[in-house]
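Asks: Got a sequence here, can you build the structure:
(chains A and B)
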Number of protein chains: 2
Amino acid sequence: MTKTTIRVNRDIQAEKRERAAAFREKLSRQGTLVLNLVSSPGTGKTALLEAIAKELKGRLRMGVLVGDLATDRDAQRLAPLIPVEQLTTGGACHLEISLVEQGWQKLGEPELDILFIENIGNLVCPASHDLGEHMRVSLLSTTEGDDKPGKYPKMFRTSDALVLTKIDLLPYLPFRVEAAIEDARLIQPDLDIFHTSAITTEGIPDWCEYLEQQRQKLVASVQTS
Amino acid sequence: MTKTTIRVNRDIQAEKRERAAAFREKLSRQGTLVLNLVSSPGTGKTALLEAIAKELKGRLRMGVLVGDLATDRDAQRLAPLIPVEQLTTGGACHLEISLVEQGWQKLGEPELDILFIENIGNLVCPASHDLGEHMRVSLLSTTEGDDKPGKYPKMFRTSDALVLTKIDLLPYLPFRVEAAIEDARLIQPDLDIFHTSAITTEGIPDWCEYLEQQRQKLVASVQTS
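Replies: Next up, the predicted model:
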């Protein structure tokens, strides 16, 4: 029997990485910082975006691509606050660069300071897919338990920032903030960590100031390159 | 250029389904009800199992196969209460029947009334994999938001029961119980729904009584077949 090696996946993955790099490069040139927001379902990605949109209104030009398996519920929530395009995967467990490119076109390729990509609620699969972002931001809710970073290590290892959400609920939960941070830093020592509540807005100004700084850094790095 | 069609995935999936069916059949014959617990990360699968183990101690013979990408934290929590074997996927986003078969062997193939399989925390990918269970049980935490069933439809559509967790936190959350139930029943009208708190143990006795009934039904169905 003749043995044949079939190489399929490698080239497809390489092509996706190239497209993601090209997207990142294009948006860098126009000064748009791209953020990929990842977390479990219900951690509060949409609520964080609502809070950011209110806090940075008039200060930064922003847009959102929001991913879901089904429904356009998140886009409907965000639409009154910020330009948004829904990406529906039809059941797939993560976003891919092709959907991001399509969403970006549908959004009209506006001149933005920050483009947010709200990924599918899934702490596993989105970790393996480059969406052309400059920064990956993991969200971890105080209601999920402080043991999650070590249990879902790839997501936290590939993230640049960690946003703790729902800190208003801390009085009612067994969540130990220091334990969660220690667990996350074991995996990724350079994580920038923020403590937030979208309901009380605690921590939102600090987080938004950080976003403005990151966007300024991107612009400065493009000008000097 | 010659066009060649390569069929790979279809037969692998069929083989997995056959193995899952054989596992289910084998455990049916010995009167072991197999439950596949699925949810987001941090919904409280392990906490629910701790509460079940305490409530049904001395009434049912139980065992657990617990899945994680990394670490054996959940198995360590459960070990003082119930026979448990950790299944570590090494990063994969769901459990498969082959891991369940291996875990079952490592557990010593004991004569149990109920075997629980705690799946990876992921509301997407585990929905597509038959682990040889008799029942699939979705958990939904009050902290995740009442809009989740419609956003992750396949998981709820393929479930037999829905366990709402963390109901002790309802006074502090915007979660509308009726909205979540309505959303879930739109997708799967026959869901058996339970309201629980592993911390206060509210709802745990009702849920455990249901488990005993389901196990009795399995035994009765095997005897009459």
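
Asks: Only C-alpha atoms from now on, for both contacts and neighbour counts.
Replies: Will do.

Asks: what about the helices in chain A?
Replies: A:9-29, A:45-55, A:73-78, A:97-106, A:148-151, A:153-157, A:177-187, A:204-224 (DSSP state H).

Asks: How far away from the center of its chain is stretch A:165-172?
Replies: In terms of Cα atoms, centre = their mean, to the nearest Å, the centre of stretch A:165-172 is set 22 Å apart from its chain centre.

Asks: Including mean pLDDT and mean neighbour count, could the helices of chain A go into CSV?
Replies: Shown next, in CSV, are these (pLDDT from 0 to 100; neighbours: other Cα atoms under 10 Å in any protein chain shown):
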stretch, mean pLDDT, mean neighbour count
helix A:9-29, 92, 15
helix A:45-55, 98, 20
helix A:73-78, 97, 18
helix A:97-106, 98, 17
helix A:148-151, 97, 22
helix A:153-157, 97, 23
helix A:177-187, 98, 17
helix A:204-224, 96, 15
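
Asks: Chain B: which of those is closest?
Replies: Of all the helices of chain A, it is helix A:148-151 that lies closest to chain B, at 5.3 Å by Cα to the nearest Cα.

Asks: so what does the closest one touch, helix or strand wise?
Replies: Contacting helix A:148-151 under the criterion 3 or more Cα pairs under 8 Å, 6 or more residues apart in numbering or on different chains; DSSP states H and E are the following elements: helix A:177-187.

Asks: Tabulate the CA atom coordinates of the helix it packs on in PDB.
Replies: Presented in PDB, the C-alpha positions along helix A:177-187 are these (Å, rounded to 0.1, in the frame of the first residue of the first chain):
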ATOM      1  CA  VAL A 177      -8.700  38.500  44.400                       C
ATOM      2  CA  GLU A 178      -5.000  37.900  45.400                       C
ATOM      3  CA  ALA A 179      -5.200  34.200  44.600                       C
ATOM      4  CA  ALA A 180      -6.600  34.800  41.200                       C
ATOM      5  CA  ILE A 181      -3.900  37.400  40.400                       C
ATOM      6  CA  GLU A 182      -1.100  35.200  41.700                       C
ATOM      7  CA  ASP A 183      -2.500  32.300  39.600                       C
ATOM      8  CA  ALA A 184      -2.600  34.500  36.500                       C
ATOM      9  CA  ARG A 185       0.800  35.900  37.000                       C
ATOM     10  CA  LEU A 186       2.300  32.500  37.300                       C
ATOM     11  CA  ILE A 187       1.200  31.900  33.700                       C
END
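
Asks: Can you confirm whether it lies near chain B?
Replies: No. Contact of helix A:177-187 with chain B (Cα under 8 Å from any Cα of the partner chain) is absent, the minimum separation being 12.0 Å.

Asks: who touches that helix?
Replies: Applying Cα atoms under 8 Å, 6 or more residues apart in numbering or on different chains, the contact partners of helix A:177-187 are A:142, A:146, A:147, A:148, A:149, A:150, A:153, A:156, A:157, A:191, A:193.

Asks: which among the residues you listed gets closest to residue A:45?
Replies: For these, the minimum distance to residue A:45 (Cα to Cα) is 13.5 Å, reached by residue A:142.

Asks: pLDDT value on that closest one, please?
Replies: For residue A:142, the pLDDT comes out at 98.

Asks: What's the local residue count around it?
Replies: Counted by other Cα atoms under 10 Å in any protein chain shown, the residues lying close to residue A:142 total 26.

Asks: Tell me, how many residues neighbour residue A:40?
Replies: Residues near residue A:40, counting by other Cα under 10 Å: 27.

Asks: Next up, the contacts around it.
Replies: Neighbours of residue A:40 in contact, by Cα under 8 Å, 6+ apart: A:121, A:122, A:123, A:139, A:140, B:40, B:41, B:122.

Asks: I'd like the residues you listed written out as JSON lines, with distance to residue A:167 added.
Replies: Below are the contacts of residue A:40 laid out as JSON lines (distance: Cα to Cα, whole Å):
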{"residue": "A:121", "distance to residue A:167": "19"}
{"residue": "A:122", "distance to residue A:167": "21"}
{"residue": "A:123", "distance to residue A:167": "20"}
{"residue": "A:139", "distance to residue A:167": "12"}
{"residue": "A:140", "distance to residue A:167": "10"}
{"residue": "B:40", "distance to residue A:167": "19"}
{"residue": "B:41", "distance to residue A:167": "18"}
{"residue": "B:122", "distance to residue A:167": "23"}
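
Asks: Of those, select the buried ones using a ChimeraX command.
Replies: Per 16 or more other Cα atoms under 10 Å in any protein chain shown, the buried members of these correspond to this ChimeraX selection:
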select /A:121,122,123,139,140 /B:40,41,122
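
Asks: Just give me the closest of the contacts of residue A:40 to residue A:208.
Replies: Ranked by distance to residue A:208 (Cα to Cα), these are led by residue A:139 at 14.7 Å.

Asks: What's opposite that closest one in the beta bridge?
Replies: residue A:163 (DSSP bridges).

Asks: Surely it touches residue A:45?
Replies: Yes. In this structure, residue A:139 is within contact of residue A:45 by Cα atoms under 8 Å, at 7.2 Å.

Asks: if I look at the residue most central in space within chain A, how far off is residue B:36?
Replies: Centroid-nearest residue in chain A: residue A:37, 1.4 Å away (criterion: Cα atoms, centre = their mean). Distance of residue A:37 to residue B:36, given as Cα to Cα, to the nearest Å: 29 Å.

Asks: Can you tell me which residues in chain A are near chain B?
Replies: Selection of chain A residues close to chain B by Cα under 8 Å from any Cα yields A:40-43, A:68-71, A:91-93, A:121-125, A:143-145, A:148, A:150-154, A:169, A:172.

Asks: Can you list which of these are found in strands?
Replies: A:68, A:121 (DSSP state E).

Asks: ok so, going back, confidence score at the residue nearest to the centre of chain A?
Replies: On the pLDDT scale, residue A:37 gets 98.
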